[in-house]
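[1] Sharing a model prediction with you, sequence too.
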Amino acid sequence: MSYELDSSRIAGILPLVHLKHFLLGNTLVSMPFFDLGGVLADDAETENALLSEAINLGEKLKVGTIELRHTKPLSRLADSSNLTIDGIMQRQFEISRFHPETEKINKSSQSCSSCPKIQAVTKSHKVRMLLDLPDSSETLMKSFKAKLRSQIKRPIKEGLIAKIGGSELLDDFYQVFCINMRDLGSPVHSKKIMQKVLAEFPEKVKIVIVRKEKEPVACSLVIGFKNILENPWASALRNYSRLAPNMLLYWTMLEYACDNGFRYFDFGRSTPNEGTYRFKAQWGSEPVALHWHYVSLDGEQIETVGAEKSRFDKAIRYWQKLPVPITKVFGPMIRKHISL
């Protein structure tokens with residue numbers, strides 16, 4: 001949806017995806033599968049108009065929640081006085097009704113006693129790991145500590161080779177990706193998603209493959225946007241972890257980013273102080289807080305981080321025991337309904 005102040009200029013935009021499943025819930029998300037999305041607006045009035053219209057749409061679709069993903073919190077939902085003990089921000093606010101026919105916000109509704117209250121929760125338990133890149137990969141390598149440089153060279157000494165390409169590497173990518181997702185206990189994305197991304201942005205999307213002889217053992221997909229190279233998907237086979245293919249995989253992405261004019265490398269989201277966080281931090285990346293807003297429309301309380309995770313513990317353990325060919329068939333059917 002977009003909000004226009006006049007017929008010649010768009011002042012704001014909010015992409016929304018409707019995810020509906022009888023077990024996994026009914027939500028509007030901006031944007032699923034990625035760390036960022038949410039509202040883009042020139043000013044607070046436009047931001048409020050988009051938020052109000054999203055709520056109107058959510059009520060029409062009878063969704064339980066609206067999820068908006070931001071690096072900077074929406075001004076209307078950023079009151080730190082509502083911060084709870086577990087670090088999750090909660091607040092109630094009144095709906096400011098947006099009327100498309102007049103393209104105005106009904107400001108009087110902000111003080112209307114009959115306006116329904118909406119519960120909003122902001123979760124900031126995840127961070128985006130961002131690395132400021134130098135002008136060349138040679139300079140970046142020199143900035144690393146001796147131990148890290150040694151870890152990068154190790155897989156090369158073990159005979160591992162990295163290659164960067166496009167759609168011709170998709171089958172190798174998906175082979176590794178499916179195995180790793182099964183091992184993690186997560187349903188895998190459909191290969192069609194990667195095919196569509198490669199077809200739509202052939203000059204901006206690259207696949208990186210690390211091989212041991214002819215066997216693909218690690219993989220990643222990177223997307224360039226302006227001065228940032230982002231890595232939404234990366235995987236490595238556990239059977240080859242002693243050869244450290246991940247070190248060569250990430251160095252190859254960083255080398256490509258530096259030597260192709262990117263200013264930043266986005267390692268993706270992590271939970272502070274967990275394993276993936278420490279792995280990404282060793283390259284010099286810095287955490288940038290993510291603010292994911294959850295607006296409840298059904299009156300149900302938004303789950304805390306711990307409760308949300310534990311709800312799927314048993315399903316994860318069962319999924320890890322399935323043969324990979326079965327997860328390839330049934331994984332995409334489930335994964336398309338999961339916003340993470």
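    On my side now, so go ahead.
[2] just the helices in the stretch 201-340 of the chain please.
    245-259, 275-281, 305-310, 313-319, 324-335 (DSSP state H, counting those that start in this stretch).
[3] Can you convert those into CSV and add a column each for mean pLDDT, distance to Leu169 and mean neighbour count?
    Every C-beta, even on glycine, is put in place using the N, C-alpha and C of the backbone. Listed next are the helices of the stretch 201-340 of the chain as CSV, based on pLDDT from 0 to 100; distance: least, CB to CB, whole Å; neighbours: other CB atoms under 10 Å:
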stretch, mean pLDDT, distance to Leu169, mean neighbour count
helix 245-259, 98, 12, 22
helix 275-281, 95, 23, 16
helix 305-310, 57, 33, 11
helix 313-319, 89, 26, 12
helix 324-335, 95, 18, 15
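[4] Turn the ones you listed into JSON lines, including distance to Pro216.
    As requested, the helices of the stretch 201-340 of the chain are arranged in JSON lines below (distance: least, CB to CB, whole Å):
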{"stretch": "helix 245-259", "distance to Pro216": "9"}
{"stretch": "helix 275-281", "distance to Pro216": "20"}
{"stretch": "helix 305-310", "distance to Pro216": "30"}
{"stretch": "helix 313-319", "distance to Pro216": "22"}
{"stretch": "helix 324-335", "distance to Pro216": "14"}
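[5] closest to Glu168 out of those?
    When the helices of the stretch 201-340 of the chain are compared by CB to CB, helix 245-259 sits nearest Glu168, at 16.6 Å.
[6] Residues touching that closest one, excluding its own?
    By CB atoms under 8 Å, 6 or more residues apart in numbering, the residues outside helix 245-259 that reach it are 131, 133-137, 139-140, 151-152, 154-156, 160, 162, 164, 206, 208, 210, 212, 217-220, 222, 229, 231, 234, 236-237, 265, 279, 283.
[7] try stretch 166-184
    Applying CB under 8 Å, 6+ apart, the contact partners of stretch 166-184 are 163, 187-189, 191, 194-195, 198-199, 202, 205-207, 209, 211, 216-221, 233, 235-238, 316, 319-320, 322, 324, 327-328, 331.
[8] just how off-centre is that stretch within its chain?
    18 Å (CA atoms, centre = their mean, to the nearest Å).
[9] Give me the buried stretch members for that stretch, please.
    Residues of stretch 166-184 classed as buried: 169-170, 172-183 (neighbour count, 16 or more other CB atoms under 10 Å).
[10] now, among those residues, which is nearest to His70?
    Met181 (26.6 Å).
[11] Quick check: the gap between the closest one and Asn273.
    24 Å (CB to CB, to the nearest Å).
[12] same question, Lys62
    Taking CB to CB, one finds Lys62 at 39 Å from Asn273.
[13] now do Asp259
    32 Å.
[14] For Asn48, which of the helices of the stretch 201-340 of the chain is the nearest?
    Closest among those, once you apply CB to CB, is helix 305-310, at 27.6 Å.
[15] what's the neighbour count on the closest residue to Leu40 other than its chain neighbours?
    Leaving aside its sequence neighbours, Leu40 sits nearest to Ile13 (CB to CB, 6 or more residues apart in numbering; 5.1 Å). Neighbour count of Ile13, defined by other CB atoms under 10 Å: 15.
[16] which parts of the lengthiest helix in the chain are buried?
    Across the chain, the longest stretch assigned as helix under DSSP state H is helix 44-61. By neighbour count, with 16+ other CB under 10 Å as the criterion, the buried positions of helix 44-61 are 45-58.
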